[in-house]
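Participant: Sequence below, structure please.
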Amino acid sequence: MRWGERLFCALVVSVVSVVAAVAAMAQPPAPEASTTSAVSPSATPGLFSEETLRDCQRLQQAALTSDYAWRQVAHLSNNIGPRLTGSAQAAKAVEYVSGELKALGCEVQLEKTMVPHWVRGDEHAELTQFPGQAENTTQKIVLTALGGSVATRPEGITAEVISVRNFDELKSLPREKVVGKIVLFDHSFDKQMAAQGHGGQAYGEAVVYRGAGASAAARQGAVACLVKSVGGADYRIPHTGAMHYDAGVPKIPAAAVTAEDAELIAALTREGPIKMHLVLTPQTLPDVESANVIGDIKGSERPDEIVIVSGHLDSWDLGTGAIDDGAGVAVAMQAAQVIQQLHLKPKRTLRVIAWINEENGSRGSKQYEHDHSAEFPKHFAVDETDSGAGHPIGINIKGKPELEKLLAPVAAILEHSGAGGLTLAEHIGEDIRPMEEAGVPAFSPMQDSRFYFNYHHTAADTLDKIVPRELQENAAVVAVAAYALANAERSLPR
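Facilitator: Numbers count the residues shown, from 1 in each chain. Model (predicted):
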């Protein structure tokens, strides 16, 4: 997932909420017949009919007992693998999801767009000079190039490393102290904040150095930039992610170092000068053609009004893209699958989108905006699931405050799997940002964020990080909310 320089507000949940949700999860979902109290007339404010809410109960039970989403994310991550745009795997994923949506009976189109093709090359570093060094030795530094970085010379560069905590400290240094140096931004991801359920906020506070660090260092004359990994892993694992270069500023190589290695470098620089040999050989190749995969179940009464469920198909190249964001694509696909399985007929069109190029360019989102912005007034609601597959405790909502009350009957149904919370969020998903900004009500599962950033953008983003039951719970949230909104009796406030 590319979060850029925005706060990942949709993940902000408290420990108390998480504990309560886990306790609720431990209780098996009530049988369908016993959930009728959740849809009593007194609980319904008029947005949803009794029939719609009964169908939502059926959808919930079907999603909670299905392995469809698991099979889809397993194929994307295990069989296809890493799906960075421009790669053969990304192209294969577009083909695969298109075929699966057609098999469900969706009307499928490939919305073509040109995407970046950045390829990771050789990457390694070692300290060649440092205080207390034994003769003829070096110290290996574990790092990975940031997405979009330029390369060093093929033989690499050797330069002194200086460590700063933030942009202000860098700016306070005389330029001559930075010219010709490698700058390390030793800004830590706040693991305590993440452990308290505020993983998105911790990420937002640290990710600005990944995105803007290279240009900030280059302005002061640095020859390369290192960033302390933006994540909570404790196993010497680097976290990649997109970075950008400001116009008019020299482009210098940029990499993320593990938290442990960043702390090593910072400690040694306090003792005396250190030098590093750094090799990064990524390439930015010509753009290639790819596509958003769009699958529609046409509405029975208002086919021109659209409810979107979505996730992004591309992933970083270090892991296999299971939690970021094969899981999001899979639960969106399952929303269509369970609706078709139960032979339900949504009044509005349900649109499944597997976005392309969320991680390093958002070209798929931009293409959709270009092609469909005139239709945004008819886009009834939109979902993007892009925060992993952790246990959901409710629904994040981007929209008018009164949506909380209107969606209360849906939350009452989801409470049976511990997902009955409703929270207003500042932002839901990067791909759906243009629709959010146009006033389209947006939603997503509100998930436990305590561990997500341990694996985010790392080689550890693999299928084993997904708990099948929790994936089912996310699928239930998306399917129930999407179907309820597709069958709403009246328009939502904007």
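
Participant: Report the buried residues of stretch 311-326.
Facilitator: 311-326 (16 or more other CB atoms under 10 Å). All C-beta spots, glycine's among them, are computed from the backbone N, C-alpha and C.

Participant: Find me the pLDDT at H198, would you?
Facilitator: Looking at H198, its pLDDT stands at 86.

Participant: how close does it sit to E205?
Facilitator: Per CB to CB, to the nearest Å, H198 is found 10 Å from E205.

Participant: The two: which has the busier surroundings?
Facilitator: Shown here are H198 and E205; by other CB atoms under 10 Å, H198 has more neighbours (23 against 17).

Participant: Could you double-check that the more buried one lies in contact with S449?
Facilitator: Yes. Distance between H198 and S449: 7.3 Å, which falls inside the contact criterion (CB atoms under 8 Å).

Participant: on that earlier part again, check the buried residues of stretch 311-326 and tell me the two furthest apart.
Facilitator: Within the buried residues of stretch 311-326, two members stand farthest from each other by CB to CB: G311 and L318, at 19.1 Å.

Participant: Would you map the helices across the stretch 251-400 of the chain?
Facilitator: Per DSSP state H, counting those that start in this stretch, the stretch 251-400 of the chain carries helices over the ranges 259-269, 327-341, 363-372.

Participant: Buried residues of the longest one, list them for me.
Facilitator: Pointing back at helix 327-341 there. In helix 327-341, residues buried by neighbour count (16+ other CB under 10 Å) are 327-339, 341.

Participant: got the CA coordinates for that helix in CSV?
Facilitator: What follows is helix 327-341, C-alpha atoms only, in CSV (Å, rounded to 0.1, in the frame of the first residue of the first chain):
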residue,chain,number,x,y,z
ALA,A,327,-6.5,-9.3,0.8
GLY,A,328,-8.4,-6.1,-0.2
VAL,A,329,-8.9,-7.4,-3.8
ALA,A,330,-10.0,-10.8,-2.5
VAL,A,331,-12.7,-9.4,-0.1
ALA,A,332,-14.0,-7.1,-2.8
MET,A,333,-14.3,-10.1,-5.1
GLN,A,334,-16.1,-12.1,-2.4
ALA,A,335,-18.7,-9.4,-2.1
ALA,A,336,-19.7,-10.1,-5.6
GLN,A,337,-19.4,-13.9,-5.1
VAL,A,338,-21.7,-14.2,-2.1
ILE,A,339,-24.3,-11.9,-3.7
GLN,A,340,-24.3,-14.2,-6.8
GLN,A,341,-24.2,-17.3,-4.7
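
Participant: Give me the helices and strands touching that helix, please.
Facilitator: helix 50-64, helix 68-74, helix 88-103, strand 283-297, strand 302-312, strand 348-355, helix 468-486 (3 or more CB pairs under 8 Å, 6 or more residues apart in numbering; DSSP states H and E).

Participant: Can you tell me the strand partners of the fifth one and which way each runs?
Facilitator: Taking DSSP bridges as the criterion, strand 302-312 forms sheet pairs with strand 348-355 (parallel), strand 379-383 (parallel).

Participant: other SSEs contacting the helix ranked longest in the chain?
Facilitator: Secondary structure of the chain read by DSSP state H shows that its longest helix is helix 199-219. Secondary-structure packing of helix 199-219 (3+ CB pairs under 8 Å, 6+ apart): helix 167-172, strand 182-185, helix 191-195, strand 224-228, strand 254-257, helix 452-455.

Participant: avg pLDDT for the fifth one?
Facilitator: Averaging the model's pLDDT scores along strand 254-257 yields 98.

Participant: strand partners of that strand, parallel vs antiparallel please.
Facilitator: Looking at strand 254-257 with DSSP bridges, its partner strands are strand 143-145 (antiparallel), strand 224-228 (parallel).

Participant: Just give me how far that strand sits from the chain centre.
Facilitator: Distance, stretch centre to chain centre, for strand 254-257: 20 Å (CA atoms, centre = their mean, to the nearest Å).

Participant: what does the longest one give?
Facilitator: Relative to the chain's own centre, helix 167-172 is displaced by 30 Å; criterion: CA atoms, centre = their mean.

Participant: now what about that helix, what contacts it?
Facilitator: For helix 167-172, contacts defined as CB atoms under 8 Å, 6 or more residues apart in numbering pick out V164, V178, V183, F185, Y209, A212, A216, A217, Q220.

Participant: Check what pLDDT the closest residue in space to A91 that isn't next to it in sequence gets.
Facilitator: Computed as CB to CB, 6 or more residues apart in numbering, the closest residue to A91 that is not its neighbour in sequence is S290, at 6.8 Å. Looking at S290, its pLDDT is 98.
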